[in-house]
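# this is the structure alone, sequence omitted:
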């Protein structure tokens, strides 16, 4: 089954396979910023719907609140695209152990429906070439949940994978890992980095970070060569994250 939809990808070396220095993984080239309910409403209006855009946005927001309530009530929910199922992650020492928020995390599993899987199967993929060796953040994993869905846990570690992201001097206040909240306030990671390598950093999310939308940013003058850069470089993750 084919259609006119196409995803463009760029290949880069797979740094996780130590016994193979030739294999690659793909980065999908996204078209613009992350879309929201407002964009959904605009798409519906553009198809000549009789409903006003603000009415559609209000309905979509009410729908989001209803689904959130279902999850809070520990119900599994499925729409036309995904099934959302509550899950608690972590390890209990024994059958008599209680829930410990420092060890166990409340999260959800997202599984695509058959309709979405069929849609994905119909999308063609075009390799556009290889990415340059420029500094970049390629992925962020929440160590509390093991998820890469953009959720980061306040007070816990995140694993940042990328290229040329090493902090050359952790004592330099102008360098480091920064969590930028919705107001633009930068919360610098002050705890010593557990891992600080050119391709990976493990950092503790500061407790000062408020819950909500955040951006993860790295500031460093690491160059990949013996001599550092003459100026600090900022490397921002291309996806909005959510601190919880």
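Ah, there it is. Model, not experiment: these values are computed from the prediction.
# I figured residue 206 hits residue 179, correct?
Yes: counting by Cβ atoms under 8 Å, residue 206 touches residue 179, with 6.5 Å between them. In short, each C-beta sits where N, CA and C put it, glycine included.
# overlap in contacts of these two?
Both residue 206 and residue 179 are in contact with 187, 189, where contact means Cβ atoms under 8 Å, 6 or more residues apart in numbering.
# ok, those two, which is more surrounded?
residue 179 (24 against 17; other Cβ atoms under 10 Å).
# can you list the strands that the host helix or strand of that one pairs with?
If you go by DSSP states H and E, residue 179 is part of strand 176-180. Take DSSP bridges as the rule and strand 176-180 pairs in its sheet with strand 186-188 (antiparallel), strand 212-220 (antiparallel).
# and the first one, average pLDDT?
Right, strand 186-188. Averaged across strand 186-188, pLDDT comes to 94.
# next one: the longest one
Per-residue pLDDT over strand 212-220 has a mean of 93.
# if I look at the residue positioned nearest the centre of the chain, how far off is residue 157?
By Cα atoms, centre = their mean, the chain has its centre lying nearest to residue 150, at 2.7 Å. Using Cβ to Cβ, to the nearest Å, one gets 16 Å for the distance from residue 150 to residue 157.
# what's the answer for residue 169, then?
Residue 169 is 21 Å from residue 157, by Cβ to Cβ.
# returning to what we had before: deepest in the core, which of the strands paired with strand 176-180 is it.
strand 212-220 (a mean of 20; mean count of other Cβ atoms under 10 Å).
# what does it contact?
135, 137, 140, 152, 158, 160, 162, 164-168, 174-182, 186, 201, 232-237, 240-243.
# same thing with stretch 89-109?
71, 84, 85, 86, 87, 88, 144, 145, 146, 147, 151, 153.
# surely the last one is in contact with residue 205?
It refers to residue 153. Yes: taking Cβ under 8 Å as the definition, residue 153 is a contact partner of residue 205 at 6.5 Å.
# these two - which one has more neighbours?
residue 205 (26 against 18).
# distance of the more buried one from residue 222?
Applying Cβ to Cβ to residue 205 and residue 222 gives a distance of 22 Å.
# and if you look at residue 88?
Using Cβ to Cβ, residue 88 is found at 38 Å from residue 222.
# out of these two, which sits in the more crowded spot?
Counted by other Cβ under 10 Å, residue 88 and residue 222 do not tie: residue 222 has more neighbours, with 21 against 11.
# element containing the nearest residue to the more buried one once chain neighbours are set aside?
The shortest distance from residue 222 to any non-neighbouring residue, by Cβ to Cβ, 6 or more residues apart in numbering, is to residue 166 (4.5 Å). Per DSSP H and E: residue 166 is located in neither a helix nor a strand.
# state the distance from residue 166 to residue 4.
42 Å.
# higher neighbour count, these two?
Applying other Cβ under 10 Å to residue 166 and residue 4 shows that residue 166 carries more neighbours, namely 22 against 7.
# which helix of this structure spans the most residues?
helix 53-72 (DSSP state H).
# beyond that helix, next helix or strand please.
strand 77-78.
# strand partners of the helix or strand just after that next one, parallel vs antiparallel please.
Sequence order places strand 82-89 as the next helix or strand after strand 77-78, per DSSP H and E. Paired strands of strand 82-89, with direction, are strand 77-78 (antiparallel), strand 105-112 (antiparallel) (DSSP bridges).
# and strand 82-89 with helix 53-72, angle?
Here the directions of strand 82-89 and helix 53-72 differ by 40 degrees (axes from the mean of the first three to the mean of the last three Cα atoms, to 10 degrees).
# list the buried residues of strand 82-89.
Neighbour counts using 16 or more other Cβ atoms under 10 Å place 84, 85, 86 of strand 82-89 among the buried residues.
# now stretch 44-55
Those would be 44, 45, for stretch 44-55 by 16+ other Cβ under 10 Å.
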